[in-house]
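[1] sequence and predicted structure below; questions after.
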2 protein chains.
Amino acid sequence: MAAPSRARGEYAKTAARRQEILNAATDVFSTSGYHGGSLRDVAERVGLSQAGVLHHFPSKTHLVEAVLAWRDEQSLERIGDRLSAGLDRIRALVDLVAHNQSTPELVELYATLSAEATSPEHPLHDYFVQRYAWVTGYVDNAFADAAATGQLRAGVDPPSAARTLIALMDGLQMQWLFDRSAVDMAAEVRSHVRSLLAVEL
Amino acid sequence: MAAPSRARGEYAKTAARRQEILNAATDVFSTSGYHGGSLRDVAERVGLSQAGVLHHFPSKTHLVEAVLAWRDEQSLERIGDRLSAGLDRIRALVDLVAHNQSTPELVELYATLSAEATSPEHPLHDYFVQRYAWVTGYVDNAFADAAATGQLRAGVDPPSAARTLIALMDGLQMQWLFDRSAVDMAAEVRSHVRSLLAVEL
DNA sequence: GTCTATATACTGATAGAC
DNA sequence: GTCTATCAGTATATAGAC
(Lines give C-alpha, C1' and ligand atoms only; values in the text may rest on other atoms or scores of the structure.)
Protein backbone atom coordinates (compact mmCIF):
# COMPACT_ATOMS: atom_id res chain seq x y z
CA MET A 1 0.00 0.00 0.00
CA ALA A 2 1.40 3.36 -1.02
CA ALA A 3 1.66 5.75 1.84
CA PRO A 4 0.43 9.29 1.31
CA SER A 5 3.21 11.52 0.08
CA ARG A 6 2.82 13.88 3.04
CA ALA A 7 3.65 13.05 6.62
CA ARG A 8 0.94 13.26 9.23
CA GLY A 9 2.22 16.57 10.57
CA GLU A 10 1.56 18.29 7.26
CA TYR A 11 -2.12 17.45 7.35
CA ALA A 12 -2.36 18.68 10.90
CA LYS A 13 -0.81 21.94 9.83
CA THR A 14 -3.37 22.36 7.06
CA ALA A 15 -6.19 21.59 9.44
CA ALA A 16 -4.82 24.12 11.88
CA ARG A 17 -4.62 26.73 9.15
CA ARG A 18 -8.21 26.06 8.12
CA GLN A 19 -9.19 26.54 11.73
CA GLU A 20 -7.35 29.84 11.96
CA ILE A 21 -9.20 31.01 8.87
CA LEU A 22 -12.55 29.94 10.30
CA ASN A 23 -11.81 31.87 13.48
CA ALA A 24 -10.88 35.00 11.56
CA ALA A 25 -13.90 34.63 9.30
CA THR A 26 -16.19 34.41 12.31
CA ASP A 27 -14.80 37.74 13.44
CA VAL A 28 -15.21 39.39 10.09
CA PHE A 29 -18.66 38.11 9.20
CA SER A 30 -20.02 38.78 12.66
CA THR A 31 -19.04 42.43 12.58
CA SER A 32 -19.62 43.19 8.90
CA GLY A 33 -22.07 40.55 7.73
CA TYR A 34 -21.64 38.52 4.58
CA HIS A 35 -21.92 41.39 2.10
CA GLY A 36 -19.90 43.79 4.21
CA GLY A 37 -17.10 41.40 5.09
CA SER A 38 -14.29 40.75 2.62
CA LEU A 39 -11.90 37.90 2.02
CA ARG A 40 -9.05 40.36 2.30
CA ASP A 41 -10.17 41.24 5.84
CA VAL A 42 -10.10 37.58 6.72
CA ALA A 43 -6.73 37.04 5.06
CA GLU A 44 -5.16 39.98 6.83
CA ARG A 45 -6.21 38.75 10.26
CA VAL A 46 -4.68 35.36 9.69
CA GLY A 47 -1.51 36.72 8.07
CA LEU A 48 -2.20 35.31 4.63
CA SER A 49 -2.88 36.73 1.20
CA GLN A 50 -6.42 36.71 -0.14
CA ALA A 51 -5.44 34.03 -2.63
CA GLY A 52 -4.05 32.02 0.26
CA VAL A 53 -7.45 31.98 1.90
CA LEU A 54 -9.07 30.87 -1.33
CA HIS A 55 -6.74 27.92 -1.45
CA HIS A 56 -8.40 26.52 1.66
CA PHE A 57 -11.95 27.56 0.82
CA PRO A 58 -12.75 27.82 -2.89
CA SER A 59 -15.14 30.77 -2.59
CA LYS A 60 -16.54 33.29 -0.15
CA THR A 61 -19.79 31.36 0.00
CA HIS A 62 -17.99 28.13 0.82
CA LEU A 63 -16.16 29.94 3.59
CA VAL A 64 -19.20 31.41 5.29
CA GLU A 65 -21.01 28.08 5.04
CA ALA A 66 -18.03 26.34 6.63
CA VAL A 67 -18.10 28.86 9.47
CA LEU A 68 -21.74 28.13 10.20
CA ALA A 69 -21.30 24.38 9.88
CA TRP A 70 -18.44 24.47 12.34
CA ARG A 71 -20.28 26.64 14.84
CA ASP A 72 -23.42 24.51 14.60
CA GLU A 73 -21.36 21.43 15.31
CA GLN A 74 -20.02 23.11 18.43
CA SER A 75 -23.49 24.12 19.61
CA LEU A 76 -24.80 20.62 19.12
CA GLU A 77 -21.98 19.26 21.23
CA ARG A 78 -23.02 21.64 23.98
CA ILE A 79 -26.74 20.93 23.89
CA GLY A 80 -26.91 17.78 22.00
CA ASP A 81 -26.75 14.78 24.20
CA ARG A 82 -29.42 12.64 22.66
CA LEU A 83 -31.15 11.78 25.88
CA SER A 84 -32.37 15.31 26.33
CA ALA A 85 -36.12 15.59 25.77
CA GLY A 86 -39.15 17.25 27.28
CA LEU A 87 -38.33 19.69 30.03
CA ASP A 88 -34.66 18.71 29.98
CA ARG A 89 -34.50 20.03 26.48
CA ILE A 90 -35.95 23.36 27.59
CA ARG A 91 -33.47 23.49 30.43
CA ALA A 92 -30.63 22.90 28.00
CA LEU A 93 -31.95 25.77 25.90
CA VAL A 94 -32.01 28.16 28.85
CA ASP A 95 -28.47 27.09 29.69
CA LEU A 96 -27.46 27.80 26.12
CA VAL A 97 -28.81 31.33 26.40
CA ALA A 98 -26.78 31.82 29.57
CA HIS A 99 -23.71 30.51 27.80
CA ASN A 100 -24.32 32.78 24.82
CA GLN A 101 -23.96 35.76 27.11
CA SER A 102 -20.26 34.94 27.22
CA THR A 103 -19.89 34.81 23.43
CA PRO A 104 -21.24 38.07 21.98
CA GLU A 105 -19.32 37.43 18.79
CA LEU A 106 -21.30 34.29 17.99
CA VAL A 107 -24.58 35.92 18.87
CA GLU A 108 -23.76 38.76 16.51
CA LEU A 109 -22.78 36.33 13.76
CA TYR A 110 -26.15 34.62 13.68
CA ALA A 111 -28.16 37.81 14.24
CA THR A 112 -26.43 39.65 11.41
CA LEU A 113 -26.36 36.82 8.90
CA SER A 114 -29.94 35.68 9.49
CA ALA A 115 -31.30 39.20 8.99
CA GLU A 116 -29.34 39.55 5.75
CA ALA A 117 -30.55 36.14 4.67
CA THR A 118 -34.25 36.98 4.81
CA SER A 119 -33.78 38.02 1.20
CA PRO A 120 -34.38 34.93 -0.97
CA GLU A 121 -31.37 35.67 -3.19
CA HIS A 122 -28.95 35.62 -0.27
CA PRO A 123 -26.55 32.66 -0.37
CA LEU A 124 -27.50 31.74 3.19
CA HIS A 125 -31.25 31.99 2.72
CA ASP A 126 -31.90 28.27 2.48
CA TYR A 127 -29.58 27.55 5.37
CA PHE A 128 -31.57 29.81 7.70
CA VAL A 129 -34.93 28.56 6.46
CA GLN A 130 -33.84 25.05 7.40
CA ARG A 131 -32.33 26.23 10.66
CA TYR A 132 -35.55 27.89 11.79
CA ALA A 133 -37.58 24.85 10.80
CA TRP A 134 -35.26 22.59 12.77
CA VAL A 135 -35.10 24.75 15.87
CA THR A 136 -38.84 25.32 15.95
CA GLY A 137 -39.51 21.61 15.63
CA TYR A 138 -36.96 20.83 18.31
CA VAL A 139 -38.56 23.15 20.86
CA ASP A 140 -42.07 22.21 19.79
CA ASN A 141 -41.32 18.56 20.53
CA ALA A 142 -40.01 19.45 23.94
CA PHE A 143 -43.17 21.38 24.83
CA ALA A 144 -45.37 18.62 23.43
CA ASP A 145 -43.61 16.11 25.67
CA ALA A 146 -44.12 18.39 28.64
CA ALA A 147 -47.79 18.82 27.80
CA ALA A 148 -48.29 15.07 27.56
CA THR A 149 -47.00 14.62 31.11
CA GLY A 150 -49.01 17.51 32.52
CA GLN A 151 -46.04 19.78 33.02
CA LEU A 152 -47.50 22.60 30.95
CA ARG A 153 -49.87 25.23 32.30
CA ALA A 154 -53.43 24.92 31.02
CA GLY A 155 -54.08 26.67 27.73
CA VAL A 156 -50.47 26.68 26.60
CA ASP A 157 -50.23 25.54 22.97
CA PRO A 158 -46.90 23.79 22.28
CA PRO A 159 -46.34 25.05 18.71
CA SER A 160 -47.17 28.60 19.71
CA ALA A 161 -45.03 28.35 22.84
CA ALA A 162 -42.14 27.16 20.67
CA ARG A 163 -42.44 30.02 18.16
CA THR A 164 -42.78 32.51 20.99
CA LEU A 165 -39.81 31.25 22.97
CA ILE A 166 -37.54 31.32 19.93
CA ALA A 167 -38.77 34.77 18.99
CA LEU A 168 -38.10 36.00 22.51
CA MET A 169 -34.57 34.65 22.40
CA ASP A 170 -33.85 36.23 19.03
CA GLY A 171 -35.33 39.57 20.01
CA LEU A 172 -33.50 39.75 23.34
CA GLN A 173 -30.27 39.15 21.47
CA MET A 174 -30.83 42.29 19.41
CA GLN A 175 -31.30 44.48 22.47
CA TRP A 176 -28.37 42.82 24.14
CA LEU A 177 -26.08 43.41 21.16
CA PHE A 178 -26.83 47.11 21.26
CA ASP A 179 -26.34 47.37 25.02
CA ARG A 180 -25.10 44.37 26.95
CA SER A 181 -25.91 45.92 30.28
CA ALA A 182 -29.53 46.57 29.31
CA VAL A 183 -30.73 42.97 29.30
CA ASP A 184 -30.11 39.78 31.23
CA MET A 185 -31.13 37.40 28.47
CA ALA A 186 -31.01 34.23 30.55
CA ALA A 187 -33.08 35.73 33.36
CA GLU A 188 -35.78 36.97 30.97
CA VAL A 189 -35.95 33.66 29.16
CA ARG A 190 -36.07 31.68 32.40
CA SER A 191 -38.83 33.85 33.75
CA HIS A 192 -40.81 33.50 30.52
CA VAL A 193 -40.46 29.73 30.51
CA ARG A 194 -41.61 29.56 34.13
CA SER A 195 -44.80 31.36 33.15
CA LEU A 196 -45.54 28.52 30.73
CA LEU A 197 -44.93 25.64 33.11
CA ALA A 198 -47.15 23.98 35.70
CA VAL A 199 -44.06 22.64 37.49
CA GLU A 200 -40.70 24.00 38.57
CA LEU A 201 -38.09 24.50 35.87
CA MET B 1 -40.08 91.21 -1.58
CA ALA B 2 -38.35 89.28 -4.30
CA ALA B 3 -40.24 86.17 -5.32
CA PRO B 4 -38.25 82.93 -5.59
CA SER B 5 -36.90 82.44 -9.07
CA ARG B 6 -38.78 79.18 -9.51
CA ALA B 7 -42.53 78.77 -9.69
CA ARG B 8 -44.28 76.69 -7.07
CA GLY B 9 -44.63 73.75 -9.42
CA GLU B 10 -40.88 73.36 -9.73
CA TYR B 11 -40.48 72.82 -6.02
CA ALA B 12 -43.32 70.36 -6.03
CA LYS B 13 -41.61 68.45 -8.80
CA THR B 14 -38.39 68.27 -6.83
CA ALA B 15 -40.22 67.10 -3.74
CA ALA B 16 -41.98 64.46 -5.80
CA ARG B 17 -38.64 63.27 -7.18
CA ARG B 18 -37.15 63.05 -3.70
CA GLN B 19 -40.14 60.99 -2.70
CA GLU B 20 -39.71 58.63 -5.65
CA ILE B 21 -36.10 58.14 -4.62
CA LEU B 22 -37.05 57.44 -1.02
CA ASN B 23 -39.55 54.82 -2.19
CA ALA B 24 -36.99 53.13 -4.39
CA ALA B 25 -34.38 53.28 -1.65
CA THR B 26 -36.76 51.59 0.78
CA ASP B 27 -37.03 48.75 -1.69
CA VAL B 28 -33.31 48.41 -2.21
CA PHE B 29 -32.18 48.73 1.40
CA SER B 30 -34.91 46.41 2.66
CA THR B 31 -33.87 43.57 0.35
CA SER B 32 -30.10 44.12 0.34
CA GLY B 33 -29.35 46.03 3.51
CA TYR B 34 -27.15 49.09 3.66
CA HIS B 35 -23.89 47.43 2.62
CA GLY B 36 -25.51 45.25 0.01
CA GLY B 37 -27.68 47.91 -1.58
CA SER B 38 -26.18 50.30 -4.12
CA LEU B 39 -27.02 53.78 -5.29
CA ARG B 40 -27.12 52.46 -8.84
CA ASP B 41 -29.88 50.04 -7.86
CA VAL B 42 -31.84 52.93 -6.45
CA ALA B 43 -31.17 55.12 -9.48
CA GLU B 44 -32.22 52.42 -11.91
CA ARG B 45 -35.56 51.88 -10.19
CA VAL B 46 -36.41 55.54 -10.38
CA GLY B 47 -35.15 56.02 -13.94
CA LEU B 48 -32.25 58.25 -13.04
CA SER B 49 -28.49 58.04 -13.22
CA GLN B 50 -26.54 57.40 -10.05
CA ALA B 51 -25.27 60.99 -10.11
CA GLY B 52 -28.86 62.14 -10.41
CA VAL B 53 -29.71 60.45 -7.13
CA LEU B 54 -26.71 62.07 -5.46
CA HIS B 55 -28.02 65.46 -6.51
CA HIS B 56 -31.00 64.98 -4.20
CA PHE B 57 -29.16 63.20 -1.38
CA PRO B 58 -25.50 64.08 -1.03
CA SER B 59 -24.35 60.62 0.06
CA LYS B 60 -25.51 57.07 0.58
CA THR B 61 -25.59 57.63 4.31
CA HIS B 62 -27.75 60.72 3.96
CA LEU B 63 -30.12 58.72 1.79
CA VAL B 64 -30.60 55.82 4.16
CA GLU B 65 -31.03 58.20 7.07
CA ALA B 66 -33.68 60.09 5.12
CA VAL B 67 -35.49 56.83 4.42
CA LEU B 68 -35.64 55.98 8.12
CA ALA B 69 -36.65 59.52 9.13
CA TRP B 70 -39.48 59.46 6.64
CA ARG B 71 -40.72 56.02 7.70
CA ASP B 72 -40.52 56.93 11.37
CA GLU B 73 -42.59 60.00 10.70
CA GLN B 74 -45.23 57.83 9.06
CA SER B 75 -45.27 55.34 11.95
CA LEU B 76 -45.67 58.12 14.46
CA GLU B 77 -48.64 59.44 12.53
CA ARG B 78 -50.18 55.99 12.77
CA ILE B 79 -49.57 55.38 16.46
CA GLY B 80 -48.79 58.74 17.71
CA ASP B 81 -51.81 60.60 18.85
CA ARG B 82 -50.55 62.16 22.03
CA LEU B 83 -53.49 61.11 24.16
CA SER B 84 -52.51 57.46 23.98
CA ALA B 85 -51.12 56.20 27.28
CA GLY B 86 -51.36 53.18 29.56
CA LEU B 87 -53.26 50.30 28.06
CA ASP B 88 -54.28 52.37 25.04
CA ARG B 89 -50.66 52.61 24.13
CA ILE B 90 -50.31 48.84 24.30
CA ARG B 91 -53.42 48.46 22.16
CA ALA B 92 -51.94 50.81 19.60
CA LEU B 93 -48.79 48.70 19.58
CA VAL B 94 -50.71 45.51 18.93
CA ASP B 95 -52.58 47.26 16.14
CA LEU B 96 -49.27 48.34 14.67
CA VAL B 97 -48.10 44.73 14.59
CA ALA B 98 -51.28 43.77 12.76
CA HIS B 99 -50.72 46.59 10.30
CA ASN B 100 -47.09 45.56 9.79
CA GLN B 101 -48.33 42.23 8.48
CA SER B 102 -49.47 44.12 5.39
CA THR B 103 -46.09 45.78 4.84
CA PRO B 104 -43.41 43.10 4.73
CA GLU B 105 -41.08 45.48 2.97
CA LEU B 106 -40.94 47.83 5.94
CA VAL B 107 -40.55 45.01 8.40
CA GLU B 108 -37.63 43.73 6.38
CA LEU B 109 -36.08 47.19 6.21
CA TYR B 110 -35.86 47.59 9.96
CA ALA B 111 -34.93 43.97 10.64
CA THR B 112 -32.08 44.00 8.13
CA LEU B 113 -30.69 47.43 8.96
CA SER B 114 -30.87 47.00 12.72
CA ALA B 115 -28.97 43.72 12.61
CA GLU B 116 -26.28 45.26 10.42
CA ALA B 117 -26.12 48.24 12.75
CA THR B 118 -25.21 46.24 15.86
CA SER B 119 -21.64 46.87 14.76
CA PRO B 120 -20.52 50.17 16.33
CA GLU B 121 -18.86 51.36 13.13
CA HIS B 122 -22.07 51.07 11.13
CA PRO B 123 -23.43 54.47 10.03
CA LEU B 124 -26.83 53.61 11.52
CA HIS B 125 -25.51 52.33 14.85
CA ASP B 126 -26.37 55.44 16.86
CA TYR B 127 -29.76 55.71 15.20
CA PHE B 128 -30.76 52.24 16.34
CA VAL B 129 -29.33 52.68 19.82
CA GLN B 130 -31.55 55.70 20.23
CA ARG B 131 -34.48 53.97 18.63
CA TYR B 132 -34.33 51.04 21.05
CA ALA B 133 -33.98 53.39 24.00
CA TRP B 134 -37.01 55.36 22.88
CA VAL B 135 -39.23 52.36 22.12
CA THR B 136 -38.32 50.62 25.36
CA GLY B 137 -39.08 53.72 27.37
CA TYR B 138 -42.33 54.22 25.50
CA VAL B 139 -43.61 50.73 26.29
CA ASP B 140 -42.20 50.78 29.80
CA ASN B 141 -44.23 53.90 30.55
CA ALA B 142 -47.36 52.26 29.25
CA PHE B 143 -46.90 49.22 31.50
CA ALA B 144 -46.04 51.42 34.47
CA ASP B 145 -49.30 53.32 33.95
CA ALA B 146 -51.18 50.04 33.78
CA ALA B 147 -49.50 48.79 36.95
CA ALA B 148 -50.40 51.94 38.83
CA THR B 149 -54.09 51.41 38.06
CA GLY B 150 -54.03 47.74 38.93
CA GLN B 151 -54.37 46.53 35.36
CA LEU B 152 -51.24 44.43 35.48
CA ARG B 153 -51.13 40.86 36.75
CA ALA B 154 -49.31 40.43 40.08
CA GLY B 155 -45.56 39.97 39.75
CA VAL B 156 -45.27 41.59 36.33
CA ASP B 157 -42.36 44.01 36.27
CA PRO B 158 -42.98 46.88 33.81
CA PRO B 159 -39.38 47.33 32.55
CA SER B 160 -38.99 43.61 32.06
CA ALA B 161 -42.40 43.35 30.40
CA ALA B 162 -41.38 46.13 28.03
CA ARG B 163 -38.08 44.54 27.05
CA THR B 164 -39.80 41.20 26.62
CA LEU B 165 -42.65 42.50 24.50
CA ILE B 166 -40.31 44.34 22.16
CA ALA B 167 -38.06 41.30 21.91
CA LEU B 168 -41.03 39.13 21.09
CA MET B 169 -42.13 41.48 18.33
CA ASP B 170 -38.65 41.64 16.82
CA GLY B 171 -38.16 37.89 16.99
CA LEU B 172 -41.52 37.07 15.48
CA GLN B 173 -40.68 39.36 12.58
CA MET B 174 -37.65 37.25 11.75
CA GLN B 175 -39.65 34.02 11.60
CA TRP B 176 -42.34 35.80 9.63
CA LEU B 177 -39.87 37.16 7.09
CA PHE B 178 -38.61 33.68 6.38
CA ASP B 179 -42.08 32.20 6.10
CA ARG B 180 -45.10 34.47 6.24
CA SER B 181 -47.51 31.59 6.64
CA ALA B 182 -45.66 30.20 9.66
CA VAL B 183 -46.57 32.93 12.13
CA ASP B 184 -49.50 35.16 12.93
CA MET B 185 -47.53 37.93 14.57
CA ALA B 186 -50.51 39.91 15.81
CA ALA B 187 -52.17 36.87 17.36
CA GLU B 188 -49.02 35.82 19.19
CA VAL B 189 -48.40 39.32 20.49
CA ARG B 190 -52.00 39.77 21.58
CA SER B 191 -51.96 36.47 23.41
CA HIS B 192 -48.68 37.35 25.12
CA VAL B 193 -49.98 40.73 26.24
CA ARG B 194 -53.13 39.13 27.63
CA SER B 195 -50.99 36.90 29.83
CA LEU B 196 -49.52 40.03 31.40
CA LEU B 197 -52.78 41.83 32.13
CA ALA B 198 -55.23 41.54 34.98
CA VAL B 199 -57.97 43.02 32.77
CA GLU B 200 -59.24 42.52 29.23
CA LEU B 201 -57.13 44.01 26.45
C1' DG C 1 -31.90 68.96 -12.43
C1' DT C 2 -29.84 65.64 -14.96
C1' DC C 3 -26.38 63.82 -17.63
C1' DT C 4 -21.62 61.70 -19.07
C1' DA C 5 -17.15 60.98 -17.81
C1' DT C 6 -13.96 60.07 -14.51
C1' DA C 7 -11.22 59.42 -10.15
C1' DT C 8 -10.29 56.22 -6.77
C1' DA C 9 -10.85 52.29 -4.31
C1' DC C 10 -12.21 47.80 -3.32
C1' DT C 11 -14.51 43.37 -4.57
C1' DG C 12 -14.16 37.95 -5.61
C1' DA C 13 -11.79 34.99 -8.37
C1' DT C 14 -8.06 33.08 -11.55
C1' DA C 15 -3.24 32.00 -13.51
C1' DG C 16 0.98 30.72 -12.79
C1' DA C 17 5.70 31.06 -10.42
C1' DC C 18 8.03 29.07 -6.53
C1' DG D 1 0.69 25.87 0.40
C1' DT D 2 1.48 30.42 -0.46
C1' DC D 3 2.67 34.08 -3.15
C1' DT D 4 2.34 38.07 -6.81
C1' DA D 5 0.03 39.77 -10.54
C1' DT D 6 -3.95 40.54 -12.73
C1' DC D 7 -8.77 40.55 -14.53
C1' DA D 8 -13.30 42.09 -14.63
C1' DG D 9 -16.68 43.93 -12.03
C1' DT D 10 -18.65 47.11 -8.80
C1' DA D 11 -18.71 50.78 -5.42
C1' DT D 12 -19.20 55.96 -3.88
C1' DA D 13 -18.34 60.32 -5.02
C1' DT D 14 -16.87 64.37 -7.89
C1' DA D 15 -16.30 67.60 -12.10
C1' DG D 16 -18.21 69.83 -15.45
C1' DA D 17 -21.22 70.16 -19.77
C1' DC D 18 -25.93 71.15 -20.90
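    Arrived safely, thanks for sending.
[2] only C-alpha atoms from now on, for both contacts and neighbour counts.
    OK.
[3] following the lengthiest helix in chain A, which helix or strand shows up next?
    Assignment by DSSP state H gives helix A:8-36 as the longest helix of chain A. For helix A:8-36, the following helix or strand on the C-terminal side (DSSP states H and E) is helix A:39-45.
[4] is chain B contacted by the helix or strand of chain A with the lowest mean pLDDT?
    Using mean pLDDT, DSSP states H and E, the weakest-scoring helix or strand in chain A turns out to be helix A:8-36, at a mean of 91. Yes. Using Cα under 8 Å from any Cα of the partner chain, helix A:8-36 reaches chain B at A:T31, A:S32, A:G33, A:H35, A:G36.
[5] on that earlier part again, which other helices and strands contact the longest helix of chain A?
    Packing partners of helix A:8-36 (3 or more Cα pairs under 8 Å, 6 or more residues apart in numbering or on different chains; DSSP states H and E): helix A:39-45, helix A:60-79, helix A:104-116, helix B:8-36.
[6] swap the cut-off to 10 Å and go again
    Counting contacts by 3 or more Cα pairs under 10 Å, 6 or more residues apart in numbering or on different chains; DSSP states H and E, helix A:8-36 is packed against helix A:39-45, helix A:50-56, helix A:60-79, helix A:104-116, helix B:8-36, helix B:104-116.
[7] ok so, going back, by how many degrees do the least confident helix or strand of chain A and helix B:104-116 diverge?
    Calculated by axes from the mean of the first three to the mean of the last three Cα atoms, to 10 degrees, helix A:8-36 forms an angle of 130 degrees with helix B:104-116.
[8] list the buried residues of helix A:8-36.
    A:17-18, A:20-35 (16 or more other Cα atoms under 10 Å in any protein chain shown).
[9] got the angle for it vs helix A:60-79?
    Per the same axes, to 10 degrees, the angle that helix A:8-36 makes with helix A:60-79 is 110 degrees.
[10] A:S30 touches A:G37, doesn't it?
    Yes. Between A:S30 and A:G37 there is a contact under Cα atoms under 10 Å: 8.5 Å.
[11] I figured A:E44 hits A:D27, correct?
    No. With contact defined as Cα under 10 Å, A:E44 does not reach A:D27; the gap is 11.9 Å.
[12] show me which residues of chain A are close to DNA strand C?
    Within chain A, the positions near DNA strand C by Cα under 7 Å from any atom of the strand are A:35, A:37-41, A:50-51, A:54, A:58-61.
[13] switch to 10 Å and redo it
    Within chain A, the positions near DNA strand C by Cα under 10 Å from any atom of the strand are A:29, A:34-43, A:49-55, A:57-63.
[14] just the buried ones from the residues you listed?
    Listed as buried from these are A:29, A:34-35, A:37-43, A:49, A:53, A:57, A:60, A:63; burial here means 16+ other Cα under 10 Å.
[15] show me where chain A dips below the pLDDT cut-off.
    The model of chain A has pLDDT under 70 over residues A:1-10, A:81-83.
[16] for it, what lies in contact range of DNA strand D?
    With Cα under 10 Å from any atom of the strand as the criterion, chain A comes near DNA strand D at residues A:6, A:9-18, A:21, A:43-44, A:46-56.
[17] go with 6 Å
    Chain A comes close to DNA strand D at residues A:Y11, A:T14, A:L48, A:S49, A:A51, A:G52, A:H55, as judged by Cα under 6 Å from any atom of the strand.
[18] closest to A:L152 among the residues you listed?
    Closest approach to A:L152 among the residues of chain A next to DNA strand D (Cα to Cα): A:T14, at 50.2 Å.
[19] can you tell me how far A:W70 sits from chain B?
    Plainly put, A:W70 is 22 Å away from chain B if you go by Cα to the nearest Cα, to the nearest Å.
[20] ok, how many other residues are close to that residue?
    Neighbour count for A:W70, taken as other Cα atoms under 10 Å in any protein chain shown: 14.
[21] now do the contacts for it.
    A:Q19, A:L22, A:N23, A:V64 (Cα atoms under 10 Å, 6 or more residues apart in numbering or on different chains).
[22] neighbours of the nearest residue to the second one once chain neighbours are set aside, just the number please.
    Using Cα to Cα, 6 or more residues apart in numbering or on different chains and skipping residues adjacent in sequence, the residue nearest A:L22 is A:V67, 5.7 Å away. Using other Cα under 10 Å, A:V67 has 21 other residues around it.
[23] contacting residues around A:V67?
    A:Q19, A:I21, A:L22, A:N23, A:A24, A:A25, A:T26, A:F29, A:T61, A:E73, A:L109.
[24] do you know how far it is from A:I21?
    Between A:V67 and A:I21 the computed distance is 9 Å (Cα to Cα, to the nearest Å).
[25] with A:D88 instead?
    Using Cα to Cα, we find A:D88 at a distance of 35 Å from A:I21.
[26] also A:E116?
    22 Å.
[27] which member of the contacts of A:V67 is positioned nearest chain B?
    When the contacts of A:V67 are ranked by distance to chain B (Cα to the nearest Cα), A:L109 comes first, at 9.7 Å.
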